[in-house]
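Q: for reference, the sequence and a predicted model appear below.
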Amino acid sequence: MGEPSRQQASGLLDRYQPGGAFDEAFDADGAVRGPYRRIVERFRELDIDEVKRLENLVADEFRRQGITFTVYSEEEGTERIWPMDLFPRIIAAAEWDELSRGLSQRVAALNCFLADLYNGGGQAIADGVVPRWLVVSSQGFERNAMGIRVPHSAHCNIAGIDVVRAADGRYRVLEDNLRSPSGISYVIENRAAMAKACSWLFYDHPVEPTEQYGRMLRSTLESMAPDGRDSPHIVVLTPGIFNSAYFEHAFLARSMGVELVEGRDLVVDDHTVYSRTIEGLVKVDVIYRRIDDNFLDPVAFRPDSTLGVPGLLSALRAGTLTVCNALGNGVVDDKGVYPYVPELIRYYLDEEPIIDNVPTYMMWDPDQRADALARLGELVAKPVGESGGYGVLIGPHATEQELDEARATIEADPRNWIVQELVQLSTVPSLAGDRLEPRHLDLRPFVLTGERTQVFPGGLTRVAMRRGSLIVNSSQGGGSKDTWILAPEAS
Amino acid sequence: MILARHAESLLWAGRYLERAENTSRCLNYAANSITHLRTGEATAEGEMLVRTLGLQDELEAVGPLESQPQLIAFLLSDTDNPGSVVSAVVAVRENLRTVRDRIPIELWEEANGLFLRFPFLGHANAAAGGLHEVLLMVRRACLAISGILNEGMRRDEGHAFAVLGRMLERSIFTVGLLEASHTGSRGVMDATRMLRLTSSLQAYHRQHGNAPDFDSVVRYLLHAVDLPRSVLTCLDRAEECLTGLATTAVALDRPRRKAALLRARLELGEIEEAMVAAPVPTLQDFLTQFLELASDVHTGIVPPLAMATVRSQYIRPGAAPTGGAR
């Protein structure tokens, strides 16, 4: 018996029209794709009232647990309940296998680059793979990181690589996040909420579990102890309860069984960091910091920072402490360096990239700039130092005036802009009103690197909640989905 | 091993949890009992409750008590009053939020749930309607939080600080109640009120009959070893917590000794003996001793730390550290 087509569907999936983008659940002929066969059947059995009931159940669960995020642009930083759509995103085992190999490869190359840059004399720069001026002019380049020893040369221990699936069905890397990528706690809480509200959905889907993240992270951080010492004292450093990701910081500390500290809980004495306990000062070996470089040490960086620890840099230089992720990773988060990553993979690993970049034009190159600005209305312009979707101009959605202003801004400061081909992010059925409609989505998988590299099975699927919108960031109205990686036997 | 900041948060979470429960009980009493009194008596009763809760200064900022709704608003929903139920509920949640990585998830959820259920939060005036339901909700949530604290939390330092906070706050409340009650007529009504405000009426009746005598109730609330809210029971438990903590946290040995001394004075009858001649000054002094004990605990949690040399330790890029790492 063939797969039911969308024309045969009824109820929630009635009138489902994928549109021009690659749809994760339905092919171009309207047939259900293999991994989604059973879930589509299950959703066809549901009516809207039941789905709304389940949605409320999930929202209540998130509200009760205080699973929130903060939107700073709103008055006084509003705490919002984490938004999750019930229809899951499913990835088949073979597809995930290739994706995770590509992610490991990319993070390995980026780690090689960071180790080369800060501890290896900059061979890639000397060999002309990446221009020196571009690297040293990056806001993320940190001179203070020069010469600081990093165990296993693993500068990036926790990476969140944003990938999208283009209209041709192939994954592409959209952005690298090697400083403090957030979102993993929501991945795990999404699964917990789904399991509570819709456990029956999992019955015929052997889905890879997610609860092992705390163990994976802890073993990664343990392997980063200075001088390979056993049972290191690990802490998670948070800016505090008013930070938008505080929930995640507390979640990570709890799931690893380590202390969640603020800068004021730590003190440096004789190039060693200690935590202030009721028993006195206790030496700290590894800090998983969720604070940007600039705020980490007011002696070395921003003197007005009250979030960091005075003297922390001296402990790093003395080799008594490891900070994860390492200082200076922001240089590869710089979107100006992003176009060079495929070449860095070839240079360091002698391999072809498994996952391509989105075609990108470097605005500091006069020829590329002239071509890109001429057809800016079809492209996407991004400031190199921003994240969270801020400052992005989507050509087809912009007015002529906005395009002209963007051209002038780019001409005035080409180093700080890249322009990319517009990727029609793939879509997946998502609840809109009283039925499921296609909504664009991306994926942030997490790669952990210490003594070895591990790719966490799954990732944060972010989904645009408005029809046609390509903005998936939760701070700008996006939602999320539980991400199911199917175990090999089920694919 | 617990961070000093976490210890302080758990101590305060315990104190505010107890405060929320105590104030709710006082409000319940006010709502049920004061309505039967004449205006002058009702005002006096209201002032007695405020004195029991140690909120005279906060009330002064609001103005004199003129009506029962004013008293209810002051004790229930006045966010400028740190002793109001709303303030206590917010403080419990905020303190637990800062330690949510080390407490049971259920404990955080219950505290967060109470915060979210509170209908008056953020409003200056409490509606009189539904007061009973609100107070019942608060007391039930406080009991649920206590239950999780006792049954679901590892008996580590964090647990000891939360229990210590509760015992300190409870002692302060009970001694404050005894002191405030001595300023009244010391009749059956005062005796019954003391028992009601400490949830001890039923226990007292079973042990001493149902005609409470003022002095007997005072003795009962000070000495009963089987009453969770008696001062002696609270001191016993506080001392037990401090003894465990002081084995590794030496700065907490001072409050441990102080708690032991207070217990000894109570057990040996020194307090009661002094009360015969001057009950109010004796109880006021006793209350001061508890406030000093609480202060000593806070001082013991956060010992002063020298920070002066940190800036001189800055190592320039490429320079070798001046001293070997320990």
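A: Okay, I see it.
Q: please look at A:Ala124 and A:Leu134 and confirm they touch.
A: No - between A:Ala124 and A:Leu134 there is no contact under Cβ atoms under 8 Å: 11.6 Å. All C-beta spots, glycine's among them, are computed from the backbone N, C-alpha and C.
Q: residue 130: neighbour count?
A: I went with chain A, as the question did not name one. By the measure other Cβ atoms under 10 Å in any protein chain shown, the count of residues near A:Val130 is 24.
Q: nope, chain B
A: B:Gly130, neighbours per other Cβ under 10 Å, totals 12.
Q: one more: A:Gly240?
A: 15.
Q: next, the residue lying closest to it once chain neighbours are set aside: phi, psi?
A: Spatial nearest neighbour of A:Gly240, chain neighbours left out: A:Glu262 (5.3 Å); criterion: Cβ to Cβ, 6 or more residues apart in numbering or on different chains. Backbone torsions for A:Glu262, taken as degrees, to the nearest 10, come to phi -110, psi 170.
Q: the one 10 residues further on now?
A: Geometry field for A:Thr272 lists phi and psi as phi -130, psi 140, criterion degrees, to the nearest 10.
Q: that one is in contact with A:Arg317, isn't it?
A: No - here A:Thr272 does not reach A:Arg317: they are 11.8 Å apart, not a contact under Cβ under 8 Å.
Q: in what helix or strand does residue 106 lie?
A: You didn't say which chain, so I picked chain A. With elements taken from DSSP states H and E, the one containing A:Arg106 is helix A:93-119.
Q: that's the wrong chain, I wanted chain B
A: B:Glu106 belongs to helix B:105-117, assigned by DSSP H and E.
Q: what of A:Glu343?
A: helix A:341-349.
Q: that helix packs against which elements?
A: helix A:93-119, helix A:123-126, strand A:356-357 (3 or more Cβ pairs under 8 Å, 6 or more residues apart in numbering or on different chains; DSSP states H and E).
Q: what sits up against the helix holding B:Glu106?
A: A:63-66, A:254, B:13, B:89-90, B:92-93, B:96-97, B:100, B:121, B:137-138, B:141-142, B:144-145, B:148-149, B:152-153 (Cβ atoms under 8 Å, 6 or more residues apart in numbering or on different chains).
Q: if we go to 7 Å?
A: Outside of helix B:105-117, the residues within contact range by Cβ atoms under 7 Å, 6 or more residues apart in numbering or on different chains are A:63-66, B:89-90, B:92-93, B:96, B:100, B:137-138, B:141, B:144-145, B:148-149, B:152-153.
Q: quick revisit: how far away is the residue nearest to A:Gly240 from A:Arg276?
A: Distance of A:Glu262 to A:Arg276, computed by Cβ to Cβ, to the nearest Å: 10 Å.
Q: how about the residues of the stretch 101-250 of chain A by chain B?
A: With Cβ under 7 Å from any Cβ of the partner chain as the criterion, the stretch 101-250 of chain A meets chain B at residues A:Arg143, A:Asn144, A:Met146, A:Gly147, A:Ile241, A:Ala250.
Q: what's the lowest-pLDDT member of those?
A: Across the set of these, A:Ile241 stands lowest in pLDDT, at 87.
Q: ok, that residue touching B:Asn95?
A: No - contact criterion Cβ atoms under 7 Å: A:Ile241 and B:Asn95 do not qualify, at 10.2 Å.
Q: which stretches of the stretch 151-300 of chain A have low pLDDT?
A: Judged by pLDDT under 70, the stretch 151-300 of chain A has no weakly predicted residues.
Q: next: the stretch 101-250 of chain B.
A: For the stretch 101-250 of chain B (pLDDT under 70), the answer is B:119-129, B:186.
Q: good, we can wrap up now.
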